[in-house]
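Enquirer: coordinates only, sequence not included:
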């Protein structure tokens, strides 16, 4: 299959790199020094599942130069999705699939609105990875997986084909869940709680899950998110919160979420797509979300500062 990786950070770089390593036709879309390094030296991945090097690596900052392809893996930050969908339009032909792997619960509906529901899959992934030096991806934790499916959960030949391709890639597990919305919200539970507690405390997950006060906040965030999801018609299981907490407890002690790292580094983050989305979607559904609202409010000044909307010393 022909793939375009729109966003060559930790997620796009790792999964796109594994696909390229397996012999698939992959083009990475990147910018700046990262793009220059990819073109010059290829893509280097340092991984707990085995280091590898894709060289040469096909890379560009111009989607129009690629032409239409079979599948776009959309791996930008959640707040960048709207702009990415506009820029990637030249990649989408009659049969193109768009597979969003963002944190959050709104990327697939955005893709369906932009290109039509027939092009959009629901998707999520699990991996602890980030971009290191230009041209380098660091995979430090979690056995990498991709889960995806048709938005209406119908079986389809195209998702089976995509799963077969992904399963040929070393270091990747691919699954088609019975209910993709449940799968997306199940991930949203733990990543939103982990992001929020990490960003507000500046501490790794090994610390926040072990301290009684912060663990209680994690549990309360998880409960709020689950109630919002169910109010929106997502059939989350009764033990969804317990499952999310067990996943959090298995993460490496040093683990941090990308939203946390962005906020700590003074960069724009996914705050509005994570804890902010819980508050917004909860309000629409008539569900109170006091802990997520408090975290969102407390972090909002730093988010506005990162976006140039407020100025104050730190």
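Expert: All right, it came through fine. Computed from a predicted model, the values in this text were never measured in an experiment.
Enquirer: From here on, just use CA atoms for contacts and neighbour counts.
Expert: Will do.
Enquirer: what about the residue nearest the centre of the chain, which helix or strand?
Expert: Here the mean C-alpha position of the chain is nearest to the C-alpha of residue 102 (CA atoms, centre = their mean), at a distance of 2.8 Å. Following DSSP states H and E, one finds residue 102 outside all helices and strands.
Enquirer: I'd like the distance from it to residue 74, if you could.
Expert: Noted for residue 102: a distance of 7 Å to residue 74, by CA to CA, to the nearest Å.
Enquirer: about what we covered before: wait, what's in contact with the residue nearest to the centre of the chain?
Expert: The contact partners of residue 102, taken as CA atoms under 8 Å, 6 or more residues apart in numbering, are 74, 75, 76, 77, 78, 123, 124, 125.
Enquirer: Mind listing the residues bridging to the first one?
Expert: Spelled out, that is residue 74. Beta-bridge partners for residue 74, by DSSP bridges, are residue 6, residue 100.
Enquirer: Mind splitting the protein into its structural domains?
Expert: For the chain, the structural domains run 2-178, 182-306, going by automatic domain parsing.
Enquirer: would you list the ones you listed in a markdown table and tack on distance to residue 314?
Expert: As requested, those are exported to a markdown table (distance: least, CA to CA, whole Å):
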| stretch | distance to residue 314 |
| --- | --- |
| domain 2-178 | 24 |
| domain 182-306 | 9 |
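Enquirer: possible to save these as a markdown table with distance to residue 312 and mean pLDDT?
Expert: Below are those laid out as a markdown table (distance: least, CA to CA, whole Å; pLDDT from 0 to 100):
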| stretch | distance to residue 312 | mean pLDDT |
| --- | --- | --- |
| domain 2-178 | 23 | 97 |
| domain 182-306 | 7 | 97 |
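Enquirer: Any buried residues in stretch 284-297, and which?
Expert: Within stretch 284-297, the residues that qualify as buried are 287, 288, 289, 291, 292, 293, 295, 296, counting by 16 or more other CA atoms under 10 Å.
Enquirer: What lies in contact with it?
Expert: 196, 200, 217, 220-221, 224-225, 227-228, 231-232, 271-272, 275-276, 278-279, 282.
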